[in-house]
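A.B. asks: need a 3D model of the sequence below.
(chains A, B, C and D)
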Number of protein chains: 4
Amino acid sequence: MSAEENVYRLIVACPDKVGIVAAVSQIVADHGGWLLESNYFSDHETGWFFMRNEIRASSLLIDLQEFRRSFTPIAEKYSMKWYIRDTAIQQKVVLLASHASHCLADLLHRWHSDDLDCEIPCVISNHQNLRSMVEWHGISFIHVPIGKIQKRPAFEKIMELIDSHGADTIVLARFMQIIPPDMCGKYKGRLLNIHHSFLPSFVGANPYEKAYERGVKLIGATSHYVTEDLDEGPIIEQDVMRVGHRHKKEDLVRLGKDVEKTVLARALRNHLEDRVVVQGSKTVVFD
Amino acid sequence: MSAEENVYRLIVACPDKVGIVAAVSQIVADHGGWLLESNYFSDHETGWFFMRNEIRASSLLIDLQEFRRSFTPIAEKYSMKWYIRDTAIQQKVVLLASHASHCLADLLHRWHSDDLDCEIPCVISNHQNLRSMVEWHGISFIHVPIGKIQKRPAFEKIMELIDSHGADTIVLARFMQIIPPDMCGKYKGRLLNIHHSFLPSFVGANPYEKAYERGVKLIGATSHYVTEDLDEGPIIEQDVMRVGHRHKKEDLVRLGKDVEKTVLARALRNHLEDRVVVQGSKTVVFD
Amino acid sequence: MSAEENVYRLIVACPDKVGIVAAVSQIVADHGGWLLESNYFSDHETGWFFMRNEIRASSLLIDLQEFRRSFTPIAEKYSMKWYIRDTAIQQKVVLLASHASHCLADLLHRWHSDDLDCEIPCVISNHQNLRSMVEWHGISFIHVPIGKIQKRPAFEKIMELIDSHGADTIVLARFMQIIPPDMCGKYKGRLLNIHHSFLPSFVGANPYEKAYERGVKLIGATSHYVTEDLDEGPIIEQDVMRVGHRHKKEDLVRLGKDVEKTVLARALRNHLEDRVVVQGSKTVVFD
Amino acid sequence: MSAEENVYRLIVACPDKVGIVAAVSQIVADHGGWLLESNYFSDHETGWFFMRNEIRASSLLIDLQEFRRSFTPIAEKYSMKWYIRDTAIQQKVVLLASHASHCLADLLHRWHSDDLDCEIPCVISNHQNLRSMVEWHGISFIHVPIGKIQKRPAFEKIMELIDSHGADTIVLARFMQIIPPDMCGKYKGRLLNIHHSFLPSFVGANPYEKAYERGVKLIGATSHYVTEDLDEGPIIEQDVMRVGHRHKKEDLVRLGKDVEKTVLARALRNHLEDRVVVQGSKTVVFD
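C.D. replies: This is a model prediction of the structure:
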């Protein structure tokens, strides 16, 4: 946990070439940087290279700003997309919820137990029923009703709130609304959803009903980044559980909650730990 | 295993009513029948009732023919679809294979180790490469080449072989050919396939390639009864395994083999033990 | 869910004989009883027979008291241990917790979301830290401090509270105290624990530390009925999750929470639905 | 697969220090080495560092012998235990089997399908029943009977055969004999076993019987390196499967076979790909 020890995370993506690891690790070592964890991945198909380093902050002899300056020539040489993040500064995560409580309650409990390293400036919902649960956690709850036909004003309001609270990451904790394209674009790679099926099965509405009708023996959940194409965004995490003929539709809904909340929590944790790198329509997950 | 002790299996499906269990179990008890295992299922949605009973053969005071006669009035009263099978008579299973060996080798090994209670009169393949493996098991191997365009004669031949070998059940052990509609119809509920994806994801050809492109975090396999609608038949068994960004297409193919062979073996075993009852486009599996 | 439709559950255990199913289902049918779900199990090793029936309450032409009278002769004839329960009357579940919140929070959330069909008259804890969370749910929180050496008075108090609240079932939601033998005996078959290992591995204290030291690739959790022999009681439910060399002791503790809470919730649900029958040192679970 | 492209694998273990990754990757890059895959692990508890690199052989401008010379000064500077292996040279794996066929048949089939990158010079068994299966694969089968009391001569013979066949790795594919201490010592880190329980549960003989008696809801298998302490060696891989009260002892034996063979195959594959590094009584597995 970053709580115990301050860590810098250096994330790099660039076209693969000989010498990248050497160049990056040399500059880290030159400034005394102690690597706590390192992960690399060469994608043979696309020819891209991905790297994640955890550096013990106290070991680095220069500050982050200076490190960034030192690193820039290498980054330019290898045409890197990169960033380094100081885990002492918690990310701000805004949660969007609707009526269902299970994912939201699970995330709030993890946060409250210090198992989720972030700040939650507010929860936004189009319903009021979860207000008291959210407020008990000391988090402000903002109600934004969404019209049945005129949804635009609500989403304007939601984006305004996300921005005014300085959100780094937005989580749709069973928000159940289709996100407008401009909002998808604005928060690209920072907007996580949990879909209640093992995608690409059962895209769209009522996946448990479809799963019941099809007679599948496994139900699942998928956490992915939201893009303009419904349920087509890069998948971060998936899991399934076994069901059988005895399970009615409402059993699938109930049983699925456990998969949904676990998958969303794992995806968010990996996202917050900078373990997820989007690569086209897919993800690299360094876990 | 039926090898240890002779068992009769009584399978019943009918519209649900009060008193069915009582009527069936009474007639079994009247003739001294000792129930080794019993499973029932009331489908609340369709109003159908399903039942599977294992009766110790040695406990029954009458023979099967007589039992069938005794049972007929009840069956008619409740409009039952039913059968009773003597496990002393092994089912005949014809395996259809193509080039890939993993499912076939797995089934043959289970059969050879007495873990699959059936007779395998022959293996039919459109390739020659698995002949020696099959023949080592003492099973006859029949090569039926399938034309690229003119496939009809081959399927005529295959149906002829299936019938002349008295097959009760036909298994497509990665047969990789689309079964013509009349063959689907002829062997309805007796023709098992293994599809190399967790259906309904990735219907049709090249599911691992599609899974790779989509970037899923789980791959799977599905065993189902073959119907005229490709990959739409009633699902018997499914399973998945975890994959990640490091896995290339060929890794998915390799890893998937383990899921495919396990899922097919479980499905076939349940089928042979009369544990699977087809109900419309779905199955009841009493396991 | 019993909430939707009132159900009677009839649970039977007796020495196996021909005719039990017929006798029981006949008497149910005689009184118009509609079976919603039925499960049987013949234990070939012990010669015992187990049965669980769900009867639609509205279909029964007589009331429960009368049914019990009707059933008594059969029960005596077959030397049955049996009971029938009206699901309209919720069971009372007292939860015992210590400092850790994950299992307690999970159970309370399920209860609060109507996914756990019971009444929770109170939560008893030897710490104060979870008071506010419990009270937010509208449940009374009772603090019973336990002395480091003199534990007896605390357990006297706890048993008194359990009894005065009319508890049918007691759940140790990571209570972390060894239950005295007389308390084990008093609530035999009604006292559930969650142990944070896949028993029988890592009995006793600090299982995650032991798992870390042993270098296992799976960690798990076990829910069982408490008996006088520590961690030796009949197992109700178990599950595991994959871990690796990168996981430190504190990671195992954190990751294990998800397994613990899921396993305990599944076990409690099965217990409350009368799906668990203790048979010596083992359980029959009709799920 | 190394079949497609020749690869050198460089494995390093040493006390952790700043600059190791930089030093190693620099020397690889200096000689034109293209990293296909890299994995590192810093063990915070022991202060050791572990590294596995896959280098595209064709990219290296010098041959292996020269590379070894170049690398030696760095290895000495950091007190490394290390090796580099050319995957063009297949490892030799000797399999030891007893009477049960499932693990052996599975490994042989994987090898025969080019899914296991090694040479199998012979299979040694204390029984004759698997001879024909082994020989069908074109592998020589050597029968070494083991006396009930005087086992020493047989183990002398087995060690002689292992050595004369130049075995790099020895696999106990359900060999069912306790390996004498000197043999454990001689092949330390190269002798893999599959134990039919999820260790440390059910150490020693008859684990399925013990699992049945204990009433566990999961059975499992464990592949580990053999050491002098029975079933205490470093664990490479484990897995489990769900069982229930309906499963008899013989069902556990049968069902467990699928877990055993899968776990052993995964462990062996990781071992052969130099993904497993023993660290005291535990393993680092770079998969």
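
A.B. asks: and stretch A:269-283, anywhere near chain C?
C.D. replies: No. Using Cβ under 8 Å from any Cβ of the partner chain, we find that stretch A:269-283 stays clear of chain C, coming within 9.7 Å at best. C-beta here means a position set from N, CA and C on the backbone, and glycine is covered the same way.

A.B. asks: nearest residue to whichever residue of the stretch 101-250 of chain A sits closest to chain D other than its sequence neighbours?
C.D. replies: Per Cβ to the nearest Cβ, the residue of the stretch 101-250 of chain A with the smallest distance to chain D is A:R242, at 8.1 Å. Of all residues beyond its chain neighbours, the one nearest A:R242 is A:L218 (6.0 Å), with distances taken as Cβ to Cβ, 6 or more residues apart in numbering or on different chains.

A.B. asks: quick one, what contacts the one you found?
C.D. replies: Shown in contact with A:L218 (Cβ atoms under 8 Å, 6 or more residues apart in numbering or on different chains): A:198, A:240-243, B:198, B:220, B:238-240.

A.B. asks: neighbours of A:V171, how many?
C.D. replies: 28 (other Cβ atoms under 10 Å in any protein chain shown).

A.B. asks: quick check: buried residues in the biggest helix by length in chain A?
C.D. replies: Looking across chain A with DSSP state H, the single longest helix is helix A:249-272. By neighbour count on 16 or more other Cβ atoms under 10 Å in any protein chain shown, the buried set for helix A:249-272 is A:251-272.

A.B. asks: next to chain B in this structure, residues from the stretch 101-250 of chain A, please.
C.D. replies: So far as Cβ under 8 Å from any Cβ goes, the stretch 101-250 of chain A lies against chain B at A:198-202, A:213-218, A:220, A:234-240, A:244-246, A:248.

A.B. asks: and the strands in the stretch 101-250 of chain A, which stretches?
C.D. replies: According to DSSP state E, counting those that start in this stretch, the stretch 101-250 of chain A carries its strands in the segments A:122-125, A:140-143, A:169-173, A:191-195, A:218-225, A:235-242.

A.B. asks: check the offset of the third one from the chain's centre.
C.D. replies: Right, the one you point to is strand A:169-173. Relative to its parent chain, strand A:169-173 has a centroid offset of 8 Å by Cα atoms, centre = their mean, to the nearest Å.

A.B. asks: now what about that strand, what contacts it?
C.D. replies: Here strand A:169-173 has contacts from A:91-97, A:103-104, A:107, A:118, A:162, A:179, A:187, A:190-194, A:226, A:264, A:268, A:271-272, using Cβ under 8 Å, 6+ apart.

A.B. asks: narrow those to those that are buried.
C.D. replies: Judged by 16+ other Cβ under 10 Å, buried ones among the contacts of strand A:169-173: A:91-97, A:103-104, A:107, A:118, A:162, A:179, A:187, A:190-194, A:226, A:264, A:268, A:271-272.

A.B. asks: tell me what the closest residue to A:G215 other than its chain neighbours is bridged to.
C.D. replies: Leaving aside its sequence neighbours, A:G215 sits nearest to B:K282 (Cβ to Cβ, 6+ apart; 3.1 Å). Counting by DSSP bridges, B:K282 is bridged to B:Q279.

A.B. asks: measure B:K282 to A:V18 for me?
C.D. replies: Between B:K282 and A:V18 the computed distance is 55 Å (Cβ to Cβ, to the nearest Å).

A.B. asks: pLDDT weak spots in chain A?
C.D. replies: Residue ranges of chain A with pLDDT under 70: A:1-4.

A.B. asks: related to what we said a few turns ago, tell me how far the residue of the stretch 101-250 of chain A closest to chain D lies from A:V259.
C.D. replies: Distance from A:R242 to A:V259, by Cβ to Cβ: 11 Å.

A.B. asks: returning to what we had before: packing partners for the longest helix of chain A?
C.D. replies: Counting contacts by 3 or more Cβ pairs under 8 Å, 6 or more residues apart in numbering or on different chains; DSSP states H and E, helix A:249-272 packs against helix A:102-112, strand A:169-173, strand A:191-195, helix A:207-214, strand A:218-225, strand A:235-242, helix C:249-272.

A.B. asks: tell me what angle the longest one forms with strand C:235-242.
C.D. replies: Spelled out, it's helix C:249-272. 150 degrees (axes from the mean of the first three to the mean of the last three Cα atoms, to 10 degrees).

A.B. asks: what does the fifth one give?
C.D. replies: Comparing the axes of strand A:218-225 and strand C:235-242 via the same axes, to 10 degrees yields an angle of 40 degrees.

A.B. asks: CA atoms only for strand A:218-225, dumped as CSV, please.
C.D. replies: Output in CSV follows, covering the C-alpha atoms of strand A:218-225 (Å, rounded to 0.1, in the frame of the first residue of the first chain):
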residue,chain,number,x,y,z
LEU,A,218,-22.1,-19.4,-16.3
ILE,A,219,-23.0,-15.7,-15.7
GLY,A,220,-20.4,-13.0,-15.4
ALA,A,221,-19.5,-9.4,-15.2
THR,A,222,-17.1,-7.1,-17.1
SER,A,223,-15.5,-3.9,-16.1
HIS,A,224,-14.4,-1.8,-19.1
TYR,A,225,-13.5,1.8,-20.0
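
A.B. asks: direction included, what does that strand pair against?
C.D. replies: strand A:191-195 (antiparallel), strand A:235-242 (antiparallel).

A.B. asks: how about a markdown table for these, with distance to C:L130 added?
C.D. replies: Shown next, in a markdown table, are those (distance: least, Cβ to Cβ, whole Å):
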| stretch | distance to C:L130 |
| --- | --- |
| strand A:191-195 | 27 |
| strand A:235-242 | 29 |
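
A.B. asks: of the contacts of A:L218, buried ones?
C.D. replies: Buried members of these, scored by 16+ other Cβ under 10 Å, are A:198, A:240-241, A:243, B:198, B:220, B:238-240.

A.B. asks: among these, which two are most distant?
C.D. replies: Spatially, the most separated pair among those is A:V243 and B:G220, at 14.2 Å (Cβ to Cβ).
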